[in-house]
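S.K.: here is a sequence together with a model predicted from it:
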There are 2 protein chains.
Amino acid sequence: MPTIFLARKDVREMLNMREILEAVEQAFRNHAMGKADMPPKAYLSLEQGDLRAMPAAVSGAAGMKWVNSHPQNPSRGLPTVMAVLIVNDPATGYPLAVMDATDLTAYRTGATAAIAAKYLARENSRTLGIVGAGKQAYTQLMAHAELFDLKLVKVFDLSAVATQKFIQSFPKFNIQATSLEDTVAVDILCTLTPAREPVVEREWVKPGTHINAVGADGPGKQELDPLILEEAMVVVDNMEQAVNGGEINVPLKKRLYSTDQVYAILDEVVVGKKPGRKDAKAITVFDSTGLAIEDIAVARLVYEKAKALGKYLTMDFVEE
Amino acid sequence: MPTIFLARKDVREMLNMREILEAVEQAFRNHAMGKADMPPKAYLSLEQGDLRAMPAAVSGAAGMKWVNSHPQNPSRGLPTVMAVLIVNDPATGYPLAVMDATDLTAYRTGATAAIAAKYLARENSRTLGIVGAGKQAYTQLMAHAELFDLKLVKVFDLSAVATQKFIQSFPKFNIQATSLEDTVAVDILCTLTPAREPVVEREWVKPGTHINAVGADGPGKQELDPLILEEAMVVVDNMEQAVNGGEINVPLKKRLYSTDQVYAILDEVVVGKKPGRKDAKAITVFDSTGLAIEDIAVARLVYEKAKALGKYLTMDFVEE
């Protein structure tokens, strides 16, 4: 029984946003019903960055993503974040596949935000705002376009080059480069920046807006005026991770926000344990930190595809 | 910069016990001096087994071993334990190598016990006892033979087939199949069984014996009469792991032993912070549970060799 090895280019050609949306939503349903497991991450601190192990089991697959973060990498011509993911057979532990998980991570993050918007944004949402036109912008647009009939996409980035590259990458969409304040005036807003100070002001946010706060993924990071959280219906992907490094982490530390104010965990909303949007005028916020169950659910999909295609590198890896 | 992929057979041909003894002892020295790091393992429980992530950083390498334990696997023709290890460049997080770590684990476990014996056994030790002639017996003999001039090796296993196979595998050694009680009457004893009840009785252990208690690696497992621990100078590889599942775990739960009675952590003995054997008549026990720093130290060695040999499979794995 050989192990399949999938490099970044191999994985990329198998990623399909529609399928990923289904797999990730199913993983949240499973988790809400106790059929998926996600133990705490293991962190390894290094002088110039860190590495973390993100293990999870979902229906039909177990595995682990091993991902670094080295902020000085771009100056050496390397990406800040690189991820290797191992998929195991839960019944035997056999390593079925080893794959690059860089693009997979971007896709699952976009998919999860769009799933949150499905339950928290207004049903007739037609405008999408993108603050930060880096890599994550692409999969956010792809994911939301699958679930919403987007008439207009607004984009803001400090880099005009990044903004233009993003616009040109999606010729079929009506995308406009707008000011930061104007970008916020949309039905669904995605904040995708590495900010450590709020970039979205309270008065810019119109009633009825849903915000996917995706950028904050570590202690000290934040993108939203804490007043927004104060007023909004806030849903987190995972309480422990959100407290540690999600959008709520800085307001919590400054005692401007309390975990009692969090409305729900995303999986509770997905299975209907807690209702989604109730009021067309409410502001809703999804605090995304990224979960291992999302990774393993998508990796299972990629593994099944790769096995069916039968054209990728395989090796008797653990055999005697 | 490609990633190197090393299957089990590739790794096996690069494992050299003398080099591994040096690498593992250096890792313990580094750890004692705060130059190696080993965060807690992440455990993923599954219906029929478990998976665990064992991350560590040693001088020059970071990485993680992802290893399963599925006790029912042999009935399906699969090993109980299979391990995949990723070696990263600590400066950038780049995944330098992905390798099978099954044999590597057996070698580092043997090496660590022999290093413990170097400091805790009598210098003129000439006889080695092996209780349990499974896979671990082979690397225990190889490792101790590098550091001691072994005149006689005694072996006991419930399976005569396993015993004979072990003896025939080392034609250059004077190995005798002996009774359990007689096997214990040696200078250095290695217990390598999956026992959950003591198999070594107090009255069999002669003054001056060093015991490597290697079998207990999970809650409920034990190999030694608790009276042995009571009287012995006990050294553990890691206090947290030993308390959780090492030789001391059952006596601790039964309140027959206390962590205050543990003499030292192995790295303290290796760097001389605590002296090793002081008394020729003392009984010493090394409680081995297996550390991630041992794995990563050996994996670094294997990676460096593989890179120099240049003949193994490489792939642009995380590249765009």
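M.R.: Ah, there it is.

S.K.: what's the burial count for residue A:244?
M.R.: Look at residue A:244: counted by other Cβ atoms under 10 Å in any protein chain shown, it has 16 neighbours. In this view, the C-beta of every residue, glycine as well, is placed from N, C-alpha and C.

S.K.: so it, which of the three states?
M.R.: State at residue A:244, reduced to three classes by DSSP: H, G, I helix; E, B strand; the rest coil: helix.

S.K.: any idea how far residue A:238 is from it?
M.R.: Relative to residue A:238, residue A:244 is positioned 9 Å away (Cβ to Cβ, to the nearest Å).

S.K.: need the residues touching each of these two.
M.R.: Common contact partners of residue A:244 and residue A:238 (Cβ atoms under 8 Å, 6 or more residues apart in numbering or on different chains): residue A:289.

S.K.: so which bits of the stretch 201-320 of chain A are right by chain B?
M.R.: Residues of the stretch 201-320 of chain A lying near chain B by Cβ under 8 Å from any Cβ of the partner chain: A:313, A:315-320.

S.K.: list just the nearest of those to residue B:97.
M.R.: Distance to residue B:97 across those (Cβ to Cβ) is lowest for residue A:317, with 12.6 Å.

S.K.: next up, the contacts around the closest one.
M.R.: Counted by Cβ under 8 Å, 6+ apart, residue A:317 has contacts A:2-3, A:95, A:98, B:5, B:7-8, B:84, B:100.

S.K.: if we go to 10 Å?
M.R.: Applying Cβ atoms under 10 Å, 6 or more residues apart in numbering or on different chains to residue A:317 gives the contacts A:1-5, A:94-95, A:98, B:5-11, B:82, B:84, B:98-100, B:102.

S.K.: then residue A:175?
M.R.: By Cβ under 10 Å, 6+ apart, the neighbours of residue A:175 are A:128, A:130, A:133, A:141, A:150, A:152-155, A:163, A:166-169.

S.K.: before we move on, which element is the residue nearest the centre of chain A in?
M.R.: Taking Cα atoms, centre = their mean, the centroid of chain A lies closest to residue A:109, which sits 1.9 Å from it. Assessed by DSSP states H and E, residue A:109 sits inside helix A:102-120.

S.K.: same deal with residue A:26?
M.R.: Here residue A:26 is assigned to helix A:17-32, by DSSP H and E.

S.K.: neighbour-wise, which of the residues of the stretch 201-320 of chain A next to chain B leads?
M.R.: For these, neighbours were counted by other Cβ under 10 Å; the highest total belongs to residue A:317, with 26 neighbours.

S.K.: most proximal residue of the stretch 101-250 of chain A with respect to chain B?
M.R.: Going by Cβ to the nearest Cβ, chain B is nearest to residue A:102 of the stretch 101-250 of chain A, at 6.1 Å.

S.K.: what's near enough to touch that residue?
M.R.: By Cβ under 10 Å, 6+ apart, the neighbours of residue A:102 are A:8, A:11-12, A:67, A:79, A:81-85, A:135, B:317-320.

S.K.: swap in 8 Å and give it another go.
M.R.: Contacts of residue A:102 were listed using Cβ under 8 Å, 6+ apart, and they are A:8, A:79, A:81-83, B:318.

S.K.: show the pLDDT at it.
M.R.: Looking at residue A:102, its pLDDT stands at 94.

S.K.: contact distance from chain B - what residues of the stretch 51-200 of chain A qualify?
M.R.: Residues of the stretch 51-200 of chain A lying near chain B (Cβ under 8 Å from any Cβ): A:51, A:53, A:55-57, A:62, A:64, A:66, A:68-70, A:73, A:76, A:78-79, A:81-84, A:86, A:88, A:90-95, A:98, A:100, A:102.

S.K.: re earlier: got a winner among the contacts of residue A:102 for most neighbours?
M.R.: Going by other Cβ under 10 Å, residue A:82 tops those with 26 neighbours.

S.K.: all strands of the stretch 51-200 of chain A, in order?
M.R.: Secondary structure of the stretch 51-200 of chain A (DSSP state E, counting those that start in this stretch): strands at A:61-69, A:83-88, A:95-100, A:127-131, A:152-156, A:175-177, A:188-191.

S.K.: in a markdown table: the ones you listed, plus distance to residue A:259.
M.R.: What follows is the strands of the stretch 51-200 of chain A, written out as a markdown table (distance: least, Cβ to Cβ, whole Å):
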| stretch | distance to residue A:259 |
| --- | --- |
| strand A:61-69 | 25 |
| strand A:83-88 | 29 |
| strand A:95-100 | 35 |
| strand A:127-131 | 25 |
| strand A:152-156 | 31 |
| strand A:175-177 | 37 |
| strand A:188-191 | 21 |
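
S.K.: which of these sits most buried?
M.R.: Among the strands of the stretch 51-200 of chain A, strand A:188-191 has the highest mean neighbour count (mean count of other Cβ atoms under 10 Å in any protein chain shown), at a mean of 29.

S.K.: could I get the CA-only coordinates of that strand as CSV?
M.R.: Taking Å, rounded to 0.1, in the frame of the first residue of the first chain, the C-alpha atoms of strand A:188-191 are listed here in CSV:
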residue,chain,number,x,y,z
ILE,A,188,-19.8,41.4,3.0
LEU,A,189,-16.4,42.7,4.0
CYS,A,190,-13.2,40.6,4.2
THR,A,191,-10.3,42.0,6.1
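
S.K.: by contact count, what packs against the next helix or strand after it?
M.R.: As assigned by DSSP H and E, the chain's next helix or strand after strand A:188-191 is strand A:210-213. Applying 3 or more Cβ pairs under 8 Å, 6 or more residues apart in numbering or on different chains; DSSP states H and E, we find strand A:210-213 packed against helix A:102-120, strand A:188-191, strand A:284-287.

S.K.: so which of the contacts of residue A:102 is the closest to residue B:270?
M.R.: So of those, ranked by how close each gets to residue B:270 (Cβ to Cβ), first place is residue A:82, at 33.8 Å.

S.K.: flag every buried residue along whichever strand or helix holds residue A:303.
M.R.: In the assignment (DSSP H and E), residue A:303 maps to helix A:292-309. Using 16 or more other Cβ atoms under 10 Å in any protein chain shown as the test for burial, helix A:292-309 gives A:292-306.

S.K.: where does the prediction get shaky in chain A?
M.R.: Judged against pLDDT under 70, chain A has no low-scoring part.

S.K.: domains of it?
M.R.: Residue ranges for the domains of chain A, per automatic domain parsing: A:3-104+A:293-315, A:122-289.

S.K.: most neighbours per residue, which of the ones you listed?
M.R.: Across these, averaging neighbours per residue (mean count of other Cβ under 10 Å) puts domain A:3-104+A:293-315 on top, at a mean of 21.

S.K.: first-to-last residue distance for that domain?
M.R.: Domain A:3-104+A:293-315 has its terminal residues 5 Å apart, counting by Cα to Cα, to the nearest Å.

S.K.: and stretch A:150-163, by the same measure?
M.R.: So stretch A:150-163: terminal residues 18 Å apart, Cα to Cα.

S.K.: now stretch A:185-193
M.R.: Span of stretch A:185-193 from end to end, Cα to Cα: 17 Å.

S.K.: and what of stretch A:46-64?
M.R.: 20 Å.

S.K.: next one: stretch A:172-181
M.R.: 25 Å.

S.K.: one more: stretch A:147-166?
M.R.: Termini of stretch A:147-166 sit 20 Å apart (Cα to Cα).

S.K.: what do you get for stretch A:202-221?
M.R.: 18 Å.

S.K.: and if you look at stretch A:79-95?
M.R.: 26 Å.

S.K.: how far is that stretch from where the chain is centred?
M.R.: For stretch A:79-95, the separation from the chain centroid amounts to 18 Å (computed by Cα atoms, centre = their mean, to the nearest Å).

S.K.: in what helix or strand does residue A:43 lie?
M.R.: strand A:42-46.

S.K.: just the angle for that strand relative to strand B:42-46, thanks.
M.R.: 160 degrees (axes from the mean of the first three to the mean of the last three Cα atoms, to 10 degrees).

S.K.: relative orientation of the helix holding residue A:109 and strand A:127-131 in degrees?
M.R.: 130 degrees.
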